[in-house]
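[1] Please find the sequence and the predicted model below.
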Amino acid sequence: MESKNNWKAWLYLAPTIILLSVFTFYPIINTFVVSFTADYDYVLGSKGGFTFQNYIEVLSPNGIFFDDVIKTALPNTLLLTFVTVPVSIILSLAIAIGLNSIKALKKIFQTVFFMPYVTNAIAIGMVFSVIFDTQYGLFNAMFGIQGHPWITMNLQTGEAVNYWSAFFAICFYIVWHSLPYKILIFLGGLQNVDNQYYDAAKIDGASRLKTIMKVTIPLLSPQILYIMITSFIGAFKEYNSVIGLFGKDGGTFDVTTGQKNMQTIVYFIYDQISENQVQYASAAAVLLFILILIFTGIQFKVSKRRVHY
């Protein structure tokens with residue numbers, strides 16, 4: 001009887017296993033293989049032998065892609081990750097606590113905050129490129145700094161885009177676009193918290209801030225861990241924001257050098273694929289996979305002491 005149930009269980013799992021094998025496991029294995037393959041051409045289907053040269057070109061100071069990956073894409077990816085993830089988590093948690101506290105128009109506010117999540121990321125990026133427009137952008141008009149170049153140079157004065165201005169614009173976009181999903185998760189967690197914990201804190205004379213720090217956040221720790229892991233993975237794979245704000249040039253502020261100043265690792269990967277340099281894209285993808293694996297492992301390790309189930 002037990003063996004029959006096991007057979008049925010595997011039968012039910014079969015479609016999922018097949019889909020995961022075709023669209024997840026095989027691409028990962030193939031990417032790893034291609035990263036060690038010389039002269040790979042996916043258009044013609046030709047390839048050379050085993051080589052470490054792809055990694056040398058990406059990681060070595062003398063490699064042709066060292067400036068693109070190690071000096072530009074990797075620092076950009078890490079900076080975006082360690083700035084946008086904490087800011088978005090803190091903001092979304094604060095908004096979720098606020099929304100959970102109000103009664104009137106609660107559903108309307110929830111809908112308004114969730115709308116960006118169901119909007120196309122590239123379309124939102126185009127809207128933000130207008131908001132941060134040098135001459136007519138809403139951001140410059142609000143703060144009285146007309147002419148300040150955030151995304152594109154000022155054509156009237158010739159002032160080029162400053163890296164940190166562009167970095168602020170892309171961080172603003174990423175945080176704004178990532179808030180709705182986080183708010184939704186935190187709201188779900190808050191609505192499952194038993195009110196007796198808050199009643200006990202009130203009896204003990206705890207302030208609002210202390211109640212949040214000692215009651216709300218510990219009880220939301222599973223949701224916070226989930227959001228942290230998914231946010232870090234999402235930030236490491238950031239691509240849409242670069243395309244949405246800066247287009248295909250990846251934020252090339254100086255046309256004389258042609259350096260794509262705002263490119264991320266995933267942007268570099270897609271860029272190399274479009275140039276039929278799949279072996280270098282695969283090497284960068286493997287490095288990104290290892291990076292994500294390390295940070296995810298660290299988060300799970302730290303969470304054993306901090307997460308309360």
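    Perfect, I can see it now.

[2] Next, name the residue at the spatial heart of the protein.
    Nearest residue to the geometric centre of the chain (CA atoms, centre = their mean): residue 235, 2.1 Å.

[3] Let me see the contact set for that one.
    By CB atoms under 8 Å, 6 or more residues apart in numbering, the contact list for residue 235 reads 77, 80-81, 84-85, 174. (C-beta placed from N, C-alpha, C; glycine too.)

[4] And residue 166, by the same measure?
    For residue 166, the contacting residues are 150-151, 246, 251, 253, 261-262, taking CB under 8 Å, 6+ apart as the criterion.

[5] before we move on, back to that, counting only helices, which of the contacts of residue 235 make the cut?
    When the contacts of residue 235 are checked against helices using DSSP state H, the ones located there are 77, 80-81, 84-85, 174.

[6] Now do residue 61 against residue 280, distance only.
    Between residue 61 and residue 280 the computed distance is 16 Å (CB to CB, to the nearest Å).

[7] More neighbours: these two, which one.
    Counted by other CB atoms under 10 Å, residue 61 and residue 280 do not tie: residue 280 has more neighbours, with 27 against 8.

[8] Can you name the residues that contact the residue nearest to that one when sequence neighbours are not counted?
    Using CB to CB, 6 or more residues apart in numbering and skipping residues adjacent in sequence, the residue nearest residue 280 is residue 272, 4.9 Å away. Neighbour list for residue 272: 65, 278, 280-281, 284 [criterion: CB under 8 Å, 6+ apart].

[9] Pull the distance from the host helix or strand of residue 272 to the chain's centre.
    Assigned by DSSP states H and E, residue 272 belongs to helix 265-274. Taking CA atoms, centre = their mean, to the nearest Å, the mean C-alpha location of helix 265-274 is offset from the chain mean by 16 Å.

[10] Repeat that for stretch 144-154.
    Relative to its chain's centre, stretch 144-154 lies at 26 Å (CA atoms, centre = their mean).

[11] I would like the residues contacting it, please.
    So stretch 144-154 is contacted by 129, 132-135, 137, 139-140, 156-157, 159-162, 165-166, 168-169, 245-246, 251, 253 (CB under 8 Å, 6+ apart).

[12] ok so, going back, from the contacts of residue 272, pick the one nearest residue 195.
    Closest to residue 195 out of the contacts of residue 272 is residue 284 (49.8 Å), distances taken as CB to CB.

[13] how about the helix or strand hosting residue 128 as CSV, C-alpha atoms only?
    Using DSSP H and E, residue 128 sits within helix 121-131. Once side chains and other backbone atoms are set aside, the C-alpha atoms of helix 121-131 remain, and they are given as CSV (Å, rounded to 0.1, in the frame of the first residue of the first chain):
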residue,chain,number,x,y,z
ALA,A,121,9.1,47.5,-15.0
ILE,A,122,10.3,48.9,-18.3
ALA,A,123,7.3,51.1,-18.6
ILE,A,124,7.9,52.4,-15.0
GLY,A,125,11.5,53.0,-15.9
MET,A,126,10.4,55.2,-18.9
VAL,A,127,8.1,57.2,-16.6
PHE,A,128,11.0,57.7,-14.1
SER,A,129,13.2,58.8,-17.0
VAL,A,130,10.7,61.6,-17.6
ILE,A,131,10.5,62.4,-13.8
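
[14] Now the helix or strand following it: buried residues?
    Going down the chain from helix 121-131, the next helix or strand is helix 138-143, by DSSP H and E. Buried residues in helix 138-143, counted by 16 or more other CB atoms under 10 Å: 139-140.
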